[in-house]
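[1] Quick one: sequence plus predicted model below, questions after.
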Number of protein chains: 4
Amino acid sequence: MSLNFAILGAGRIGQVHARAVASTPGARLVAIADPIAPAAEAVRAAYGCDIRTIDAILAAADVDAVVICTPTDTHADLIERFVRAGKAVFCEKPVDLSLARVKSCLKVVSAEGGKVMIGFNRRFDPDFMAVKAAIDAGRVGKVEMVTITSRDPGAPPAEYITRSGGIFRDMTIHDFDMARWLLGEEVESVFASASVLTDPQIGALGDYDSANVILRTASGRQAIITNSRRAAYGYDQRIEVLGSTAMVAAQNHGENRITLADGTGFHDAPLLNFFMTRYVAAYANEIAAFIAAVQGGTPMPTTTHDGLMALALAEAALKSVAEGRAVQVAEVL
Amino acid sequence: MSLNFAILGAGRIGQVHARAVASTPGARLVAIADPIAPAAEAVRAAYGCDIRTIDAILAAADVDAVVICTPTDTHADLIERFVRAGKAVFCEKPVDLSLARVKSCLKVVSAEGGKVMIGFNRRFDPDFMAVKAAIDAGRVGKVEMVTITSRDPGAPPAEYITRSGGIFRDMTIHDFDMARWLLGEEVESVFASASVLTDPQIGALGDYDSANVILRTASGRQAIITNSRRAAYGYDQRIEVLGSTAMVAAQNHGENRITLADGTGFHDAPLLNFFMTRYVAAYANEIAAFIAAVQGGTPMPTTTHDGLMALALAEAALKSVAEGRAVQVAEVL
Amino acid sequence: MSLNFAILGAGRIGQVHARAVASTPGARLVAIADPIAPAAEAVRAAYGCDIRTIDAILAAADVDAVVICTPTDTHADLIERFVRAGKAVFCEKPVDLSLARVKSCLKVVSAEGGKVMIGFNRRFDPDFMAVKAAIDAGRVGKVEMVTITSRDPGAPPAEYITRSGGIFRDMTIHDFDMARWLLGEEVESVFASASVLTDPQIGALGDYDSANVILRTASGRQAIITNSRRAAYGYDQRIEVLGSTAMVAAQNHGENRITLADGTGFHDAPLLNFFMTRYVAAYANEIAAFIAAVQGGTPMPTTTHDGLMALALAEAALKSVAEGRAVQVAEVL
Amino acid sequence: MSLNFAILGAGRIGQVHARAVASTPGARLVAIADPIAPAAEAVRAAYGCDIRTIDAILAAADVDAVVICTPTDTHADLIERFVRAGKAVFCEKPVDLSLARVKSCLKVVSAEGGKVMIGFNRRFDPDFMAVKAAIDAGRVGKVEMVTITSRDPGAPPAEYITRSGGIFRDMTIHDFDMARWLLGEEVESVFASASVLTDPQIGALGDYDSANVILRTASGRQAIITNSRRAAYGYDQRIEVLGSTAMVAAQNHGENRITLADGTGFHDAPLLNFFMTRYVAAYANEIAAFIAAVQGGTPMPTTTHDGLMALALAEAALKSVAEGRAVQVAEVL
């Protein structure tokens, strides 16, 4: 039997998920909700689903699962409401920008036995999955160091930055999740160093555009994350894991695979410049994994606990920047 | 207005095109035809189209275009019938294994003013398109040499080989088309050298599994094609164009982009092992190009003339192998 | 006129410099000194120079320059003695393991107007020179982040570690120098995180084998250094510089440039496994640069001040590990 | 005991060999001969050897071996004279431009039991040696196809071309030797296609600048050679061997290993632009191999027979171009 979906929010990421649902065998897009009528209408026209209000979707017998793509400050409330309504929930990260609110939301999810998956799409990228599979298969021995290079092609608009919760909660949060996933051991302490190097306006908004973070586990494993809001050469997404017997690395994805060689050298294409083109397979895979888990009654592949821990690392990083010291994760949890 | 399609033949390649049509905005899959009922039924179930006979499709008012994916020996007849019925036709290569039959078919197409596109899918591969674009933009100067390395992961079954027309008409024909497309000047002579190196059974069937071909134009430009029916490391598809001011090359596509480094070295994934995974974007692009040309009333991007010329090069190659000399294309046309 | 050299110490690195001197036009190896007779004799046999005592070299009229390759605890004394004797001095890093001793040595060098070059060989690696040249030519815009991955193939013997001053003073010191060289601005603070992950014996000796360091300048530029005493795949030496308009990276050097592709994938050679093979060109270049500076009367390309600053960063890193906070370089100087 | 050398000819390649001899343990450069006094003087000044006439060297008791670097038309005579004088001979390729003269020279060498090595330097390139070692170790299975891409950065001067014997005898001859070495079976037939594409002056001199050659053995193994006198991106020297179980390929060598990434893409250095920088290790290795063979009394690693066969393939290629057909090697031998 197919799983019937409603999508809450018809913005950029809502459209990505609408396409993923529509093209996944075993899933059916039933309804879209968005207060902005043309946005909802565009999804309806493309995939032939209903336009409904959130309340109608909440009460609908023909909706099994929802994908929450609304603004961040509505996530926790919507998770609670839909979990109570017995729907399976896929929610874009983060659950909330406040750790306290995330915790209270988790209590509801837990009390209700809710099925909630958080959208850490990178765990579903084929290359990163291959890295994880190599680790799990013992091909690198014991994991020692994880190196994550994560740079955006360019900074988002000021309006976005203002509401984003800052670079650690908005951008590094993906890398925090990857590091936790790959280290194979929970992070114990966080040291972060952040600067404003690409655009003073970002500093004027109280945020940073350049950051390096060292994460450390109880046994001394370490992860380094290096972030920038600007990389002239495209969307730079590299992961490297040093183990006791081997190193495994995921390379970047260029726009194409052609090389032009002339008197000045060999020239390859710049990187795919946008997270939606770079992670197109990851977005399809994560919805497929959600559907499989709901239909199979298996655990959610990424949980609200993962959402909580990634946010806690962001909080610890902010505290580390403020105090110039390594912060124990336990201090912020 | 959307373009209504019927697909003739629900085999492997028919399914590829069914998916491409179904997922292309502006196209609608109306009917599938196949004498093997379960094959037709599978397409119907997946995309919700009708199952009809070829005759019914020929007469149908709601079908604008057909995709011919039937056995090779039916292509020329079907092209003629559907052109006469006023349908736009997309036909898998080759038009026929006999040059004479191809020529007579072309006369009908020409007399009827038919819109016929031949499925040289590689021209629509994003990397090869980028190579062509680099040439057309003058980035390599004057084209001098084209090198095409084209190796299958493994040989097809004996039954396929028997009906295939042999390695030059079945496999090299794609490379002949690429060479013509990239040389920028018509081929004048062909020298081919063919061997049986991977499997004596192929030789017993009167075919070859390993071949090298040199093509030459009037001005002395040359193309080299190197083929094998077996490459242990996957589906090897490389193109290189040497020009007066630069060289441009399209690299292979691996299964993923991860590297594992251990005491024995650095290890990357093998190549994508199947033409359908390697050329998935090409298949989508070629159907989109066909639709755009039909809807826009613009010339077909690949024509029956291209089909004729690629087959003529194959004929010349066979004659060259038999006679141990460079054969003028004019000798076989 | 050629520059006459004596080499103090005929161990591994002394032999490297003997070869470099012997093969550099404009240089002549006059004498070798080593208390271990067979070691001195080997150099004499290979290059035809005299065996002399250090005192004899100090007094020799036919020696213009010395290369100090003796144990670390003799460096500062020898620098002072040879500077006072009016000889040009090339000294292997570090000047001393004690910052105070380095400072007092520098006073003598300064007072005597001595010509002293410290052996930071990596600044003379052709690839790293090309990285620096790209920066200096403005090809990356303003430098923002420097990433240095520096991993040894395997740990040195316990005896070496005991006398080495620890990973930061022995191994990271090269990376500290590279970071200072590439950042284009003096380092202001240091955060370091060190672990014992590859061999508990290293921990038993009071040292670490795995470390990550974040360096930071006044304007917020950052450098990350990631170190390990063990990399299964060889001697890993990568540098990457992110600037405002471009990124420039120096890749690793494999044992050869061949690729074997089979059913399991594409296989390249492991990295050159030893600093002497990896940096063979760098060692030759640094001696050539020393000779050029002495003969040309130009400033030393690397100075005792560079030696002091790299050691200060090591001291700050040790303090950072001990205190779990970012340490100002000014605190240790 | 060391092997005493004289070098005949102090031109470009004579200087390369002088350096190789001078820096090889077990070899001593005793004398240089060149009718152009400043050329001989330069070698004498650099390495401290005598300047002597060829006749004096022929009679000298202190000369064990000679390296013949004189003009091609003197090679065969000098080989015969020095073999008769009992000296070991290293001779630059080719033995002669006339097959008949090469054969008569070989008779003398054979009758005298002479030790003669021909300078096919590429066999001693570390990468190509690694390719050969992989084949010999059975790592590619049975060899099926060899692909050699060999392009010069730019054409030599007209004067050189006039005396060179043409592209096949001068340039392709190296590739013919590599193909014979790697195919593991003697070549039976040759087809060649040659054009003038880079410079009409080369055509006016009766030569070609662009050529493709297919070589074929009795069992059907094939080699393709693709040559151009001009490659905008540097000295292109690639080899690829397809076997039944794997493919092994030797990549090109860039000027450095840095990559610059900006908004237009990723940029690597052009290739090393000159055969002397590209093959510096090969030149050193071949002289070392010659010395080892002379001192060890083992067979010469490359023989006059190799010289004969490579020239025969060049003759066959010329005949093939003239007659437009595959030429049996037996026709020209």
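    Perfect, thanks for sending it. Numbering: from 1, shown residues only, chains lettered A, B, ... in the order given.

[2] Report all helices and strands that the helix or strand encompassing residue A:310 contacts.
    Here residue A:310 sits within helix A:304-323, counting by DSSP states H and E. Packing partners of helix A:304-323 (3 or more C-beta pairs under 8 Å, 6 or more residues apart in numbering or on different chains; DSSP states H and E): helix A:99-112, strand A:116-118, helix A:173-183, strand A:187-195, strand A:210-217, strand A:327-328, helix A:329-332. Glycine gets a C-beta too; all of them are placed from N, C-alpha and C.

[3] other SSEs contacting the last one?
    Identification of packing neighbours for helix A:329-332 by 3+ C-beta pairs under 8 Å, 6+ apart yields strand A:187-195, helix A:304-323.

[4] elements contacting the first one?
    I take that to be strand A:187-195. helix A:173-183, strand A:210-217, helix A:304-323, strand A:327-328, helix A:329-332, strand C:187-195, strand C:210-217.

[5] how about the third one: buried residues?
    The reference is to helix A:304-323. Of the residues in helix A:304-323, those with enough neighbours to count as buried (16 or more other C-beta atoms under 10 Å in any protein chain shown) are A:304, A:306-321.

[6] what's the angle between it and strand A:187-195?
    50 degrees (axes from the mean of the first three to the mean of the last three C-alpha atoms, to 10 degrees).

[7] got the CA positions of helix A:304-323 in PDB?
    Only the C-alpha atoms of helix A:304-323 are listed here, as PDB (Å, rounded to 0.1, in the frame of the first residue of the first chain):
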ATOM      1  CA  THR A 304      14.800  14.200  17.000                       C
ATOM      2  CA  HIS A 305      17.600  13.100  19.300                       C
ATOM      3  CA  ASP A 306      20.000  13.700  16.400                       C
ATOM      4  CA  GLY A 307      18.400  17.100  16.000                       C
ATOM      5  CA  LEU A 308      18.900  17.900  19.700                       C
ATOM      6  CA  MET A 309      22.600  16.800  19.700                       C
ATOM      7  CA  ALA A 310      23.500  18.800  16.600                       C
ATOM      8  CA  LEU A 311      21.900  21.900  18.100                       C
ATOM      9  CA  ALA A 312      23.800  21.300  21.400                       C
ATOM     10  CA  LEU A 313      27.100  21.300  19.500                       C
ATOM     11  CA  ALA A 314      26.100  24.600  17.900                       C
ATOM     12  CA  GLU A 315      25.300  26.000  21.300                       C
ATOM     13  CA  ALA A 316      28.600  24.800  22.700                       C
ATOM     14  CA  ALA A 317      30.400  26.300  19.700                       C
ATOM     15  CA  LEU A 318      28.900  29.700  20.300                       C
ATOM     16  CA  LYS A 319      29.800  29.500  24.000                       C
ATOM     17  CA  SER A 320      33.400  28.500  23.000                       C
ATOM     18  CA  VAL A 321      33.700  31.500  20.700                       C
ATOM     19  CA  ALA A 322      32.500  33.800  23.400                       C
ATOM     20  CA  GLU A 323      34.800  32.400  26.100                       C
END
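
[8] near chain B at all, the helix or strand harbouring residue A:18?
    Assigned by DSSP H and E, residue A:18 belongs to helix A:12-22. No. On the criterion C-beta under 8 Å from any C-beta of the partner chain, helix A:12-22 is out of touch with chain B, staying 9.8 Å away.

[9] Stretch A:108-122 too?
    No. Remark: stretch A:108-122 sits outside contact range of chain B, by C-beta under 8 Å from any C-beta, the gap being at least 13.9 Å.

[10] Alongside chain C, which residues does the stretch 101-250 of chain A contribute?
    Counting by C-beta under 8 Å from any C-beta, the stretch 101-250 of chain A sits next to chain C at A:141-142, A:144-145, A:147, A:149, A:151, A:189, A:191, A:193, A:195-198, A:210, A:212, A:214, A:216, A:219-222, A:224, A:226, A:228, A:230-233, A:236, A:242-247.

[11] Drop anything exposed from those residues.
    A:144-145, A:147, A:149, A:151, A:189, A:191, A:193, A:195-198, A:210, A:212, A:214, A:216, A:220-222, A:224, A:226, A:228, A:230-233, A:236, A:242-243, A:246-247.

[12] Spatially, what comes nearest to residue A:70 if we skip its sequence neighbours?
    residue A:9 (4.2 Å; C-beta to C-beta, 6 or more residues apart in numbering or on different chains).

[13] next one: residue A:203
    residue A:196 (3.5 Å).

[14] So the one you found versus residue C:141, what's the distance?
    Distance from residue A:196 to residue C:141, counting by C-beta to C-beta, to the nearest Å: 16 Å.

[15] Next: residue A:48.
    Residue A:48 is 49 Å from residue C:141, by C-beta to C-beta.

[16] Next: residue A:7.
    From residue A:7 to residue C:141 the distance is 41 Å (C-beta to C-beta).

[17] and residue A:121, how many neighbours does it have?
    By the criterion of other C-beta atoms under 10 Å in any protein chain shown, residue A:121 has 23 neighbours.

[18] contacting residues for the closest residue to it other than its chain neighbours?
    Once flanking residues are discounted, residue A:121 sits nearest to residue A:282: 4.6 Å by C-beta to C-beta, 6+ apart. Going by C-beta atoms under 8 Å, 6 or more residues apart in numbering or on different chains, residue A:282 touches A:121, A:122, A:123, A:124, A:125, A:126, A:128.

[19] give me that answer again for 6 Å
    The contact partners of residue A:282, by C-beta atoms under 6 Å, 6 or more residues apart in numbering or on different chains, come to A:121, A:124, A:125.

[20] As CSV, those with pLDDT and secondary structure would be great.
    As requested, the contacts of residue A:282 are arranged in CSV below (pLDDT from 0 to 100; DSSP: H, G, I helix; E, B strand; the rest coil):
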residue, pLDDT, secondary structure
A:121, 96, helix
A:124, 98, helix
A:125, 98, coil
